[in-house]
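Colleague: Structure for this input, please:
(chains A, B, C and D)
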Protein chains: 2
Amino acid sequence: MNDQVDETDLAILRLLQTDGRATHAAIGKAVGLTGPSVYARIKRMERDGIIRGYTALIDPAALDQGLVAIVRVSLKASADEQEPFESIIGADPQVLECHDVDGEDSYILKVRTASPQTLRRLLADLRGVPGVTRTVSSIALETVKDVTATAVLGPVAEARDSGRTAEPAEDR
Amino acid sequence: MNDQVDETDLAILRLLQTDGRATHAAIGKAVGLTGPSVYARIKRMERDGIIRGYTALIDPAALDQGLVAIVRVSLKASADEQEPFESIIGADPQVLECHDVDGEDSYILKVRTASPQTLRRLLADLRGVPGVTRTVSSIALETVKDVTATAVLGPVAEARDSGRTAEPAEDR
DNA sequence: TTTGAAATCCGTAATAG
DNA sequence: CTATTACGGATTTCAAA
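Modeller: All right, here's what the predicted structure looks like:
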């Protein structure tokens, strides 16, 4: 499943997550390679889908999207209700995340809006989607942390535990 | 509060969110400016904190961080319990988001781990933090959507039309 | 993986609108 | 005040070994 990602690759990924516009030469100096070597590794990882792309991190407040809310959505338990919901979610740029979760809820969303009023409108839209029976919103008073960078913990090769598939973590 | 961000800036931000490594020349061609003009605008937005940085988007599975969970945390209602919690959250690279929310919960986290076992370990750490009285986890069976790009809906700091523009501003 | 090289790009400066 | 042109230096990208 895991493509070959050695430690040099991990170091490159770490640097690219810190600065997505770092030059190949600078990356090379940090990892002990030359510019073209770094270039080749990056191109390979882009081809393999390990690097999905690059993006600028924008201050949401500057785009008048300063309000964050987590929305838990309950959907009627019939298979054909998911399709319209997910396509609407995908089309709304104010919905940044949508996770199909186990447990009590059907989906958990992270949304960004300009104000409580625009959030209200968004929630009204969500509740209008066929199958949606309930939404519970939690407005973020403050976002303590919000990073996009996936943790780069170490070489992927080692298989410490590959137990079975996800079972609900029963915590309370 | 809003810095001056005109429609050209918005177009640049949109392009940079789509491709954080786009060249100034390419951006310029798209928005009708030359490379140096784009460069000046970008530098200004970086200085103003509108552009916070650049990052590569990495496939979490390639870094063995394929499991996503949303964790709701309840904290004892005393002011001095927040500090240790937030500092621990900030130090853990597996905690990607932490929102201080209103409502029933104290915090809502988004975490990434390798497996249910590592999630279990993370939750055990969280429950060990002084003041934490309860955690409720929802494991993502599938992440339907997960974007970092803030929606760029339209001009923020009011724009009086200077002629016809391609993209009308919509209030949402 | 490295070196080399060509095309492109960046970033500054000076100028013009 | 912002955009454009001009230009030296850096970077990307592709060869070849």
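Colleague: per-residue confidence at A:Glu158?
Modeller: Looking at A:Glu158, its pLDDT is 42.
Colleague: contact partners of whatever helix or strand A:Ala69 lives in?
Modeller: Here A:Ala69 sits within strand A:67-75, counting by DSSP states H and E. With contact meaning CB atoms under 8 Å, 6 or more residues apart in numbering or on different chains, strand A:67-75 is reached by A:60, A:81-82, A:85, A:104-116, A:118-119, A:123, A:126, A:131-140, A:143, B:70, B:99, B:101, B:108. Heads up, the C-betas are built off the backbone N, CA and C, glycines and all.
Colleague: can you check stretch A:102-113 too?
Modeller: The list of residues contacting stretch A:102-113 from outside it, by CB under 8 Å, 6+ apart, reads A:60, A:65-75, A:85, A:89, A:94-101, A:119, A:122, A:136, A:166, A:168, B:70, B:97, B:110, B:137-141, B:144, B:150-151, B:172.
Colleague: Looking at these, which are in strands?
Modeller: Those of the contacts of stretch A:102-113 mapping onto strands are A:67-75, A:95-101, A:136, B:70, B:97, B:110, B:137-141, B:144, per DSSP state E.
Colleague: Put the buried members of the contacts of strand A:67-75 into a ChimeraX selection.
Modeller: Applying 16 or more other CB atoms under 10 Å in any protein chain shown to the contacts of strand A:67-75, the buried members can be selected in ChimeraX as follows:
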select /A:60,81,82,85,105,106,107,108,109,110,111,112,113,114,118,119,123,126,131,132,135,137,138,139,140 /B:70,99,101,108
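Colleague: With adjacent residues omitted, what lies nearest to A:Val71?
Modeller: In space, not counting the residues next to it along the chain, A:Val71 is nearest to A:Leu109; the distance is 4.3 Å by CB to CB, 6 or more residues apart in numbering or on different chains.
Colleague: Same check on A:Gly154?
Modeller: Residue nearest to A:Gly154 in three dimensions, not counting chain neighbours: A:Leu10, with 7.4 Å by CB to CB, 6+ apart.
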